[in-house]
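Participant: Dropping a prediction and its sequence here:
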Amino acid sequence: MSEADSRPLICKTFDTRSSTTITISGRIRLFAFSSVGTVTATKTLNFKNGDRSGDVILPINTQYNSGWGGYINLSRYSPSGILFPDGLFVDFFPGEITNASFFYQGGG
């Protein structure tokens, strides 16, 4: 998977109140990420390759949005996406992000 191809785009949504780690296995290409929650200060979400000990491929800074009363994020990436060769792993902040959606190709 060297670039975006004709495979279907998958949207997977997670309830991060019940689990604070997310893993999407297999080689994936991430095109967008969306999340909401109650983060009250700037924090960094580290999207890692494969597992907790993997390299950080994509750091995302969260921002509190007082107009909405919480944290709302939608990040879109280049037309070719961001490659996670060994899968994607993210640790979330307990109780601060309530759900997260990933738009990607590939996976296991």
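Facilitator: Arrived safely, thanks for sending. Numbers count the residues shown, from 1 in each chain.

Participant: where do the strands sit along this structure?
Facilitator: For the chain, applying DSSP state E gives strands covering 10-15, 21-24, 28-37, 44-49, 56-61, 71-76, 82-84, 88-91, 97-106.

Participant: Would you format those as CSV with mean pLDDT and mean neighbour count included?
Facilitator: For the C-beta atoms, the positions are set from N, CA and C on the backbone; glycine is no exception. Below are the strands of the chain laid out as CSV (pLDDT from 0 to 100; neighbours: other Cβ atoms under 10 Å):
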stretch, mean pLDDT, mean neighbour count
strand 10-15, 89, 13
strand 21-24, 91, 15
strand 28-37, 88, 20
strand 44-49, 91, 17
strand 56-61, 89, 13
strand 71-76, 73, 15
strand 82-84, 95, 19
strand 88-91, 93, 21
strand 97-106, 88, 19
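
Participant: backbone phi and psi for the nearest residue to residue 29 once chain neighbours are set aside, please?
Facilitator: Distances taken as Cβ to Cβ, 6 or more residues apart in numbering place residue 81 nearest to residue 29, at 3.9 Å, with adjacent residues excluded. Main-chain torsions, residue 81, degrees, to the nearest 10: phi 70, psi -170.

Participant: now the residue most central in space within the chain, which residues is it bridged with?
Facilitator: Taking Cα atoms, centre = their mean, the centroid of the chain lies closest to residue 33, which sits 5.0 Å from it. Residue 33 has these beta-bridge partners by DSSP bridges: residue 75, residue 102.

Participant: looking at it, it is touching residue 73, isn't it?
Facilitator: Yes - taking contacts as Cβ atoms under 8 Å, residue 33 lies within contact range of residue 73: 7.2 Å.

Participant: so how far is residue 92 from the residue nearest to residue 86 when sequence neighbours are not counted?
Facilitator: Leaving out its chain neighbours, the residue that sits closest to residue 86 by Cβ to Cβ, 6+ apart is residue 50, at 3.4 Å. Between residue 50 and residue 92 the distance is 17 Å, computed by Cβ to Cβ, to the nearest Å.

Participant: Same drill for the two, tell me which one is more crowded.
Facilitator: residue 92 (22 against 16; other Cβ atoms under 10 Å).

Participant: pLDDT value on that one, please?
Facilitator: At residue 92, the pLDDT value in this model is 79.
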